[in-house]
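Participant: A predicted structure for the sequence below; I have some questions about it.
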Amino acid sequence: MALSIKPIGDRVVVEAAPAEEKTASGIYIPDTAKEKPSQGTIVAVGTGRPEEPLTVQVGDKVLYGKYAGTEITYEGKEYLIMRESDIYAVL
């Protein structure tokens, strides 16, 4: 997917995974009780810092902090812009 947003420095743009619709036992979760997802897919990366190149790349599925990043809406889709250090793991 080509995204025309180009993050600066050590920042990345993440498309959050959709929130869970039902629990493991099959109970449907209402919209008001859904938790904010903490995983997503990287859709754009910055250039990194000269002393620290980025270790993630476009297409990586990642886990990040619950309150990490800044939410933006671009062309009708929700994205998060965050620093690479806010990413906990690559799945």
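Facilitator: Thanks, I have the structure now. Numbering: from 1, shown residues only.
Participant: my guess is Leu80 contacts Arg11, does it?
Facilitator: No: counting by C-beta atoms under 8 Å, Leu80 sits too far from Arg11 to count as a contact (10.2 Å). In this view, the C-beta of every residue, glycine as well, is placed from N, C-alpha and C.
Participant: Tell me what the residue nearest the centre of the chain is bridged to.
Facilitator: Central residue of the chain (C-alpha atoms, centre = their mean): Val14, 3.0 Å from the mean position. Beta bridges link Val14 to Ile42, Leu80, judged by DSSP bridges.
Participant: residues touching it, list them.
Facilitator: Contacts of Val14 were listed using C-beta atoms under 8 Å, 6 or more residues apart in numbering, and they are Gly40, Thr41, Ile42, Val43, Val62, Tyr64, Gly69, Tyr79, Leu80, Ile81, Met82.
Participant: cutoff 6 Å now
Facilitator: Listed by C-beta atoms under 6 Å, 6 or more residues apart in numbering, the contact set of Val14 reads Gly40, Ile42, Leu80.
Participant: Adding distance to Ala89 and pLDDT, write these out as a markdown table.
Facilitator: Below are those laid out as a markdown table (distance: C-beta to C-beta, whole Å; pLDDT from 0 to 100):
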| residue | distance to Ala89 | pLDDT |
| --- | --- | --- |
| Gly40 | 12 | 93 |
| Ile42 | 13 | 94 |
| Leu80 | 16 | 93 |
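Participant: which one of these sits closest to Tyr74?
Facilitator: If you rank the contacts of Val14 by distance to Tyr74 using C-beta to C-beta, Leu80 comes first, at 11.0 Å.
Participant: Give the burial count for that closest one, as a bare number.
Facilitator: 20 (other C-beta atoms under 10 Å).
Participant: Compute the distance between it and Pro50, please.
Facilitator: 25 Å (C-beta to C-beta, to the nearest Å).
Participant: What ranges does this protein have for its helices?
Facilitator: For the chain, no helices are identified by DSSP state H.
Participant: Can I get stretch 79-88 in CSV? Just the C-alpha atoms.
Facilitator: This file holds the C-alpha atoms of stretch 79-88, laid out as CSV (Å, rounded to 0.1, in the frame of the first residue of the first chain):
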residue,chain,number,x,y,z
TYR,A,79,-3.4,6.0,11.6
LEU,A,80,-1.0,6.4,14.4
ILE,A,81,2.3,8.3,14.2
MET,A,82,4.8,7.1,16.8
ARG,A,83,8.5,6.9,17.5
GLU,A,84,10.2,3.6,16.9
SER,A,85,11.0,3.4,20.6
ASP,A,86,7.2,3.2,21.3
ILE,A,87,7.1,-0.2,19.5
TYR,A,88,7.6,-3.1,21.9
